[in-house]
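Student: Here is my input, please return the structure:
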Amino acid sequence: MPFSADRAEVFGLKALSWLAANDELMPVFLGASGASISDLRDRVGDPAFLGAVLDFLLMDDAWVMAFCDSEGVAYPTLMEARAALPGGEQVHWT
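Tutor: As a prediction, the model looks like this:
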């Protein structure tokens, strides 16, 4: 079933919560994104920011697997949710 924007945002919030609880990975995200803890609070409702969270997790198969395993979802689910958020559209160059 394709993701609606609302469902993708909820999935992004779950990813952000999982990331925030990960003491090793959270500082990596903050460093890579340039975001601060304050930014997380301020942008938690921003679909584009949630897309960036999913983009970050998609950078490493181990992160995808750990998050999806914790949520009990198939690994492609992360990419499907990402596609439903701003910036996740598939680009066609032809």
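Student: low-scoring pLDDT stretches of this protein, where are they?
Tutor: Applying pLDDT under 70 to the chain flags residues 1, 89-94.
Student: Quick check: chain neighbours aside, which residue is closest to the residue nearest in space to the middle of it?
Tutor: The centre of the chain sits closest to residue 54, judged by C-alpha atoms, centre = their mean, with a distance of 2.0 Å. Using C-beta to C-beta, 6 or more residues apart in numbering and skipping residues adjacent in sequence, the residue nearest residue 54 is residue 82, 4.3 Å away. Just so you know, the C-beta spots here come from the backbone N, C-alpha and C atoms, and that holds for glycine as well.
Student: pretty sure the one you found is touching residue 52, no?
Tutor: No: if you go by C-beta atoms under 8 Å, residue 82 and residue 52 don't touch, sitting 9.8 Å apart.
Student: isn't residue 43 right up against residue 49?
Tutor: Yes: contact status for residue 43 versus residue 49: in contact at 4.0 Å, counting by C-beta under 8 Å.
Student: Settle it for me: which of the two has more neighbours?
Tutor: residue 49 (19 against 16; other C-beta atoms under 10 Å).
Student: And the contacts of the helix or strand containing residue 78?
Tutor: Residue 78 belongs to helix 76-83 when assigned by DSSP states H and E. Helix 76-83 is contacted from outside by 2-3, 7-8, 11-12, 15, 51, 54-55, 57-58, 64, 67-68, 71, 88-90, using C-beta atoms under 8 Å, 6 or more residues apart in numbering.
Student: got it, and stretch 40-47?
Tutor: Counting by C-beta under 8 Å, 6+ apart, stretch 40-47 makes contact with 5, 8, 9, 12, 13, 16, 20, 35, 49, 85, 86, all of which sit outside it.
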